[in-house]
Structures are given as C-alpha cells and as structure tokens.
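K.L.:
Mind folding the following:
(one chain, ligands or ions: 2)
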Amino acid sequence: MKRARNERGGRPAAAPEDLQEGRVIAGHGRHHSVETAEGHRVLCTSRGKRNEAVVGDRVRWRPTQDGPAGAAEGPEGEVAQGVIEAVAPRRNLFFRQDELRTKSFAANLDHLLVWIAVEPVFSEMQLTRALIAAEAARIPVTLVLNKTELPGADAARARLAPYAAMGYRVIDGALKPRDPARAAGQAEALLARLRPLLGGATLVLGPSGSGKSTLINALLPEAEVLTGEISTALNSGRHTTTHTRWHWLNRVPGTLDGAALIDSPGFQEFGLRHLAPEDLAGFMPDLRQAAEAGCRFHNCSHRHEPGCAVRAALAAGRISPLRHELYQSLREELEAPPRY
Ligand SMILES: Nc1nc2c(ncn2[C@@H]2O[C@H](COP(=O)(O)OP(=O)(O)OP(=O)(O)O)[C@@H](O)[C@H]2O)c(=O)[nH]1
Ligand SMILES: [Zn+2]
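P.N.:
Ligands and ions are numbered 1, 2, ... in the order given. Model prediction:
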C-alpha cells in the first residue's frame with residue numbers, strides 16, 4: 001500500500017543529483033526565469049517564501065516539465081519548467097523599503113551605475129536615496145550624466161560637483177546627441193569610458209527618460225537583444241522596462257559568471273525604511289567624513305547639538321547646504337513612527 005501511494009501520490013522530494021545550478025535573470029510575479037550555464041532558460045516557481053529569489057541570485061532548481069512553457073515559449077524564451085529549491089547565500093542585496101513593502105532590485109551586484117541626464121532634470125533627493133542604499137549594501141557606484149550636449153549641461157554638472165568632491169566617480173557625455181552629425185563620436189567616447197567599469201554585474205538605475213534603454217541597446221551584443229525582444233514581442237507585443245532584467249554582456253563560457261547589465265525600473269519612490277536613523281550619516285560620504293573629526297556628543301544627530309563637526313563643516317562650506325537639508329529630512333522620515 002505504502003509503495004503504491006508513493007508511486008502515484010505526487011513527486012518524491014528531489015534527490016540532490018536532480019538539482020541543477022542557475023542564475024535568475026528575470027522575475028514575473030510568482031515565476032522566475034532561470035538561466036543555466038549552457039544558456040538554457042527555465043521558467044521556475046519558488047518553493048515557499050523562504051526561497052524567494054531575486055534577479056542575480058544563484059539558485060539550485062529541479063526540472064518539473066520538459067518542453068515549452070504553455071503554447072509558446074515563456075516570456076524570456078524559456079524551454080522548460082522547474083522549481084527553485086534553494087537560493088545560494090548572497091554577496092549583497094540592493095533593495096528599497098517603504099512602510100508597506102520591501103522591493104528587491106537585484107542580488108550579487110558588483111557595481112551600481114546611476115544613470116541621470118541633463119533632461120529630465122534629476123531629483124537630488126532621489127539621487128541621494130539611491131546612493132545611500134548603495135552605501136548600505138556596500139555596492140560601488142558610478143554616476144553618469146547623459147545628454148550633456150543640451151543647454152542645461154553646465155548647471156547639471158554644477159549640481160553634481162559635490163558628489164564628485166565626496167568621492168563618487170562621475171562621468172558625463174552624450175549617448176545619442178540630437179545633432180546626428182556629431183552623434184557617433186560622442187557616443188563612442190562615453191562608451192569607451194564606461195566599458196572598463198562593466199566587468200561584473202552592473203545594475204543600471206535612473207529616472208525615466210534619462211537614456212537607460214539607449215545605453216543597454218548600445219552595449220548589448222545583438223544576438224542577446226534579439227532573443228529577448230523576439231520572445232517578448234511574441235508574447236506581449238512590446239518591450240517595456242517594467243521589470244528588473246539581467247542581460248549578459250560577456251558571459252564566461254559554460255559558467256554563470258561574467259559581465260552583465262541589469263535593467264531596472266524604480267528610481268522613484270525609493271524608500272529607506274530598512275535603515276536605522278542613527279546610521280544615516282554614515283552612509284553619506286560627505287557627512288561621514290566631516291563626522292570623523294569628532295562631534296562633542298557620541299550620539300550627535302548633526303542637527304542642533306553644540307560642538308557638531310558636521311555642522312562646522314556645513315558652516316565652512318565643506319558640506320553643501322542642500323545635502324545637509326536632505327539628510328535632515330531623511331532622518332525625520334526614518335524617525336517618524338510607522339503610520340500603518
Ligand atoms: N538629447 C539627447 N537625447 C538622448 C541622449 N541619449 C538618449 N537620448 C534620448 O532620450 C530619450 C529617452 O531615452 P531612453 O533610453 O528611452 O530612456 P530610459 O531611461 O530607458 O527611459 P525609461 O524606459 O522610461 O526608464 C530617447 O528619445 C533617447 O533617444 C543624449 O545623449 N542626448
Ligand atoms: Zn554632529
């Protein structure tokens with residue numbers, strides 16, 4: 001009896017030898033696209049909340065069904081289905097958190113490329129939030145200002161000067177200048193400065209309209225772009241950046257490693273609720289450096305206390321007034337009791 005039930009009643013637990021390795025390259029609600037070292041894609045479900053995978057995760061998965069997922073291929077050209085049984089420990093996890101939800105962007109990142117432009121004018125609050133989240137996750141950052149052929153370029157550069165002064169690498173250029181006669185040279189110059197920085201897994205984050213898709217199209221080997229776009233077109237009709245998506249630039253053959261760009265929406269609404277208010281200044285390099293001189297009180301909030309090294313740096317012009325204002329309003333946000 002017992003034996004008969006085992007044979008008919010569901011699938012036996014996976015034997016370790018059934019498990020295969022993969023990299024999560026996209027998420028679609030409760031499903032994840034997992035790519036194998038051979039480049040095959042599998043549409044996987046997760047086994048329980050504990051195994052919640054995000055883009056960039058290395059996972060162990062078990063095949064459940066061969067052949068196409070449904071009538072056509074899956075959204076990323078998947079040719080089989082499976083279940084994620086385990087998520088490997090992460091080197092880092094880049095995420096945002098507001099009062100209602102936590103949203104993970106991606107895991108196991110080597111680099112964050114913050115991609116902003118002269119137009120649309122970028123919000124320094126959004127920029128500061130993204131930089132703080134990267135510091136908290138210990139992910140190195142490069143700031144890129146695109147569309148510098150436009151008239152507002154000098155003003156935008158001036159707004160970025162404090163970020164360069166506090167140690168961020170800042171690059172500017174124009175990936176697709178309006179004047180086509182000058183386009184090619186300018187795009188190549190910017191790409192040439194970027195390429196040496198893109199050896200690992202790079203998350204590209206920036207406001208809508210800053211040119212992130214233009215960058216990804218300029219860098220991706222054609223075969224990869226076409227594969228993604230054809231299968232997307234077959235299934236939903238158009239390509240939109242509504243989900244985080246891993247694109248290989250240069251994969252080490254037969255492995256899950258190499259250079260990749262990760263495309264992501266969500267520069268807006270960047271909640272930092274996961275951070276403790278007293279840690280905030282430590283994630284802002286200009287404030288952190290100033291505080292190293294030593295405030296009178298060890299738990300100084302750098303707002304009103306006497307003998308504050310941060311406010312001394314502000315008075316001396318070593319911290320920009322806007323950055324100190326951003327710090328104060330973020331600190332208040334983190335100190336406010338949850339409303340829900
Ligand atoms: N003037 C100018 N326009 C550019 C430049 N680079 C890109 N663009 C244009 O900016 C517009 C927006 O570019 P996208 O690449 O779609 O921007 P995105 O950041 O992907 O936007 P979302 O998909 O909404 O997040 C397009 O019309 C591009 O052609 C540039 O260097 N100069
Ligand atoms: Zn202080």
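
K.L.:
Ranking helices and strands of the protein by mean pLDDT, which lands last?
P.N.:
In the chain, no helix or strand scores lower on mean pLDDT, DSSP states H and E than helix 2-8, which sits at a mean of 40.

K.L.:
helix or strand right after that one?
P.N.:
strand 20-28 (DSSP states H and E).

K.L.:
Go ahead and name everything in contact with that next one.
P.N.:
32-37, 41-42, 44, 53-63, 75-76, 82, 84, 243-246, 256 (C-beta atoms under 8 Å, 6 or more residues apart in numbering). To be clear about C-beta, it is placed using only N, CA and C from the backbone, and glycine gets the same treatment.

K.L.:
Distance from that strand to the middle of the chain?
P.N.:
Taking C-alpha atoms, centre = their mean, to the nearest Å, one finds strand 20-28 lying 16 Å from the centre of the chain it belongs to.

K.L.:
List the neighbouring strands of the next helix or strand after it plus their orientation.
P.N.:
As assigned by DSSP H and E, the chain's next helix or strand after strand 20-28 is strand 31-35. Sheet pairing for strand 31-35, assigned by DSSP bridges, gives strand 20-28 (antiparallel), strand 41-46 (antiparallel).

K.L.:
Now do the last one, average pLDDT.
P.N.:
I take that to be strand 41-46. Here strand 41-46 scores 90 as its mean pLDDT.

K.L.:
in it, what's buried?
P.N.:
Going by neighbour count (16 or more other C-beta atoms under 10 Å), the buried part of strand 41-46 is Arg41, Val42, Leu43, Cys44, Ser46.

K.L.:
And this structure, what are its domain boundaries?
P.N.:
20-87, 93-263, 277-335 (automatic domain parsing).

K.L.:
Quick one: end-to-end distance for the first one.
P.N.:
What that stands for is domain 20-87. 12 Å (C-alpha to C-alpha, to the nearest Å).

K.L.:
Then stretch 88-99?
P.N.:
Calculated as C-alpha to C-alpha, the first-to-last residue distance of stretch 88-99 is 28 Å.

K.L.:
can you list contacts of it?
P.N.:
For stretch 88-99, contacts defined as C-beta under 8 Å, 6+ apart pick out 54, 57-60, 102-109, 112, 129, 133-134, 137-139, 203, 266, 269-274, 338-340.
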